[in-house]
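Trainee: What would the 3D arrangement of this be:
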Amino acid sequence: MKTYKLKDGGTITATSPEDFLTKLRESSKFDSDCTDEQYMQHFAERYKTQEGVKLKTDNPTLFFSEVLRVKYIEEIQ
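Mentor: So this is what the prediction gives:
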């Protein structure tokens, strides 16, 4: 289990990329009631609009590596 700090200041503790994605979706102000797959797509669309950066969303593991790459999250534990 690892803890990640989000760019907005929140934190998520997760056991896997899939667990991280589910917890990110459940804690979201946007789209918390959609599927994890839909959430990844919507998150990527918002991120592209706000930051100008495209995120890959083929699967939870790739999505997780992308949010790490762009420093949306940072491992703290």
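
Trainee: So which residues make contact with the host helix or strand of Glu66?
Mentor: Per DSSP states H and E, Glu66 falls inside helix 60-69. Defining contact as Cβ atoms under 8 Å, 6 or more residues apart in numbering, one finds that helix 60-69 is touched by 16-18, 20-21, 36, 40, 43-44, 55-57, 73-75. Every residue, glycine included, has its C-beta placed from N, CA and C.

Trainee: This protein: helices as residue ranges?
Mentor: 17-26, 36-51, 60-69 (DSSP state H).

Trainee: Any buried residues in the last one, and which?
Mentor: For helix 60-69, the neighbour count (16 or more other Cβ atoms under 10 Å) marks 60, 63-64, 66-67 as buried.

Trainee: Redo those residues as TSV? Include distance to Lys29 and pLDDT.
Mentor: Listed next are those as TSV, based on distance: Cβ to Cβ, whole Å; pLDDT from 0 to 100:
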residue	distance to Lys29	pLDDT
Pro60	20	98
Phe63	19	98
Phe64	20	98
Glu66	20	98
Val67	17	98
